[in-house]
Each structure stands twice: as C-alpha cells, then as structure tokens.
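Chemist: What would the 3D arrangement of this be:
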Amino acid sequence: MDTRPLMASPPQAAPDRKAADEKALRLKAQELEASFLAEMLKHSGLGKTQEGFNGGIGEEQFASFLVDEYASMMVKSGGIGLAESIFQSLQKGAEHAE
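Modeler: Residues are numbered from 1 along each chain as shown. Modelled structure (predicted):
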C-alpha cells in the first residue's frame with residue numbers, strides 16, 4: 001500500500017476562464033472595429049444607389065447589410081489595427097478591476 005500523501009492537482013479552471021475572457025474581449029474589440037469601419041464605409045458612399053441603375057427599395061434596405069459584411073470581412077483579414085488597440089485597453093481595464 002502506498003503511504004505517500006496525495007498531491008492535489010493544480011486547478012485548471014483559472015487558465016481556462018482567463019482564455020475565455022480574453023477571447024470574449026477580443027471578439028468585442030473586433031465587433032467595435034467592424035462597426036467603426038461600417039460607419040466609415042457608409043460615409044464614403046459605399047452602398048448608395050446609383051442614379052441610372054436603381055435596384056429599387058429593396059436595394060436601399062439591404063445595402064447596410066452589405067456594408068456591414070464588408071466591414072466584418074475587413075476585420076477578419078486584419079482590419080486597420082483598431083481592434084488590437086481596443087483589446088489592449090479592455091484587457092488593462094479588466095486587470096485593474098480584479
């Protein structure tokens with residue numbers, strides 16, 4: 001019979017929770033960058049209907065979805081670096097809150 005004391009295994013919940021929190025913060029930062037880019041694309045005129053070839057009211061209603069998707073794709077391909085800055089700020093704020 002083994003008489004050595006049982007060693008408790010280190011808790012694994014803390015690293016998993018930290019990784020999940022970081023993932024959530026990064027996702028929120030990317031969503032914020034996508035929202036910013038969508039607004040900039042809208043102000044640049046992307047998605048506005050052309051005078052000669054009009055798709056009707058449906059085109060006007062769904063143009064914002066196309067602009068939002070363009071912005072999301074830009075973020076997924078690296079974006080403009082805004083998401084990383086936002087993520088760093090959110091992460092610092094979360095560390096100070098603990």
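
Chemist: Please count neighbours and contacts with C-alpha atoms only from this point.
Modeler: Will do.

Chemist: Centroid-nearest residue for the chain?
Modeler: Centroid check for the chain by CA atoms, centre = their mean gives residue 30 as the closest residue, at 2.2 Å.

Chemist: Residue 75 is in contact with that one, correct?
Modeler: Yes - counting by CA atoms under 8 Å, residue 75 is a contact partner of residue 30 at 6.6 Å.

Chemist: Let me see the mean pLDDT of stretch 63-72.
Modeler: Stretch 63-72 comes out with an average pLDDT of 92.

Chemist: Buried residues, that stretch. List them.
Modeler: Using 16 or more other CA atoms under 10 Å as the test for burial, stretch 63-72 gives 63-64, 67-68, 70-72.

Chemist: which element is the nearest residue to the residue nearest to the centre of the chain once chain neighbours are set aside on?
Modeler: Excluding the flanking residues, the one nearest residue 30 by CA to CA, 6 or more residues apart in numbering is residue 83, at 4.9 Å. Here residue 83, judged by DSSP states H and E, is contained in helix 82-97.

Chemist: Which parts of this structure are strands?
Modeler: For the chain, applying DSSP state E gives no strands.
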